[in-house]
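*Asks:* One predicted model, sequence on top.
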Amino acid sequence: MTVKDIQELVKLINKSNLTEFKMKDGEFELSIRTNKHQKGKPQAGQQPPAASAPQAAPIIQMPPVQQPYSAPPQPPQPAAPAAQPAKPASEQPRQETPAETAKGGDDTSKYLEIKSPIVGTFYRSSSPEKPPYIKVGDTIEVGQVVCIVEAMKLFNEIESEISGKVVKTMVEDAQPVEYDQVLFLIDPEG
């Protein structure tokens, strides 16, 4: 829950007849109390009863902030051999891990990117028993679900805004992702 969400919640509670609101989600707890009187508000110029002293500001407890995962720096790699044997047409390209991708070597400027629209945890499939939505070598269309990003226990299906062939998966399954982080590289000509 963001600070903006909490501010909106406080505004809604102030507009309502609620005098107290409590919410708990895992380690996250939120408690808000208002100065509203149950049996009518004091009129202008009247003092509230002595027993009901003004409440302090809302108590907001936030969970500790988790730092995003960052891979350790990679040592320089030796140059690739000059000629590599051609792969058979029937062989699907192998999916690289993010560590292999970080080593570089490929010209990725011709590829389009599918980025995470939210912060959360990346999942390639809807459950561990099910196959991934997409894999390297698949051809995808606009509007096709490509993965799930879980944020605050909500599983958000991420749809592709581009079509083409999946070239690389940039994130490991069940890893945290940041807003605007590249999830997949897509060849629009594929």
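*Replies:* Thanks, I have it.
*Asks:* Helices of the protein, start to end?
*Replies:* Assigned by DSSP state H, the chain shows helices spanning 3-15, 98-102.
*Asks:* Least reliable of these by average pLDDT, please.
*Replies:* In terms of average pLDDT, helix 98-102 trails the rest of these, at a mean of 45.
*Asks:* ok, back up a step: most tightly surrounded among the helices of the chain?
*Replies:* Burial of the helices of the chain is given as mean neighbour count (mean count of other CB atoms under 10 Å); helix 98-102 ranks first at a mean of 14. Just so you know, the C-beta spots here come from the backbone N, C-alpha and C atoms, and that holds for glycine as well.
*Asks:* Can you show me the strands along this protein?
*Replies:* Per DSSP state E, the chain carries strands over the ranges 20-25, 28-33, 59-61, 112-115, 120-123, 139-140, 145-151, 154-159, 164-169, 176-177, 182-187.
*Asks:* quick one: Glu8 from Ile32, how far?
*Replies:* 12 Å (CB to CB, to the nearest Å).
*Asks:* cool, Val149 as well?
*Replies:* 29 Å.
*Asks:* Over to Leu112?
*Replies:* Per CB to CB, Leu112 is found 44 Å from Ile32.
*Asks:* of those two, who's got more company?
*Replies:* In this view Leu112 and Ile32 are compared by other CB atoms under 10 Å, and Ile32 has more residues nearby, 20 against 16.
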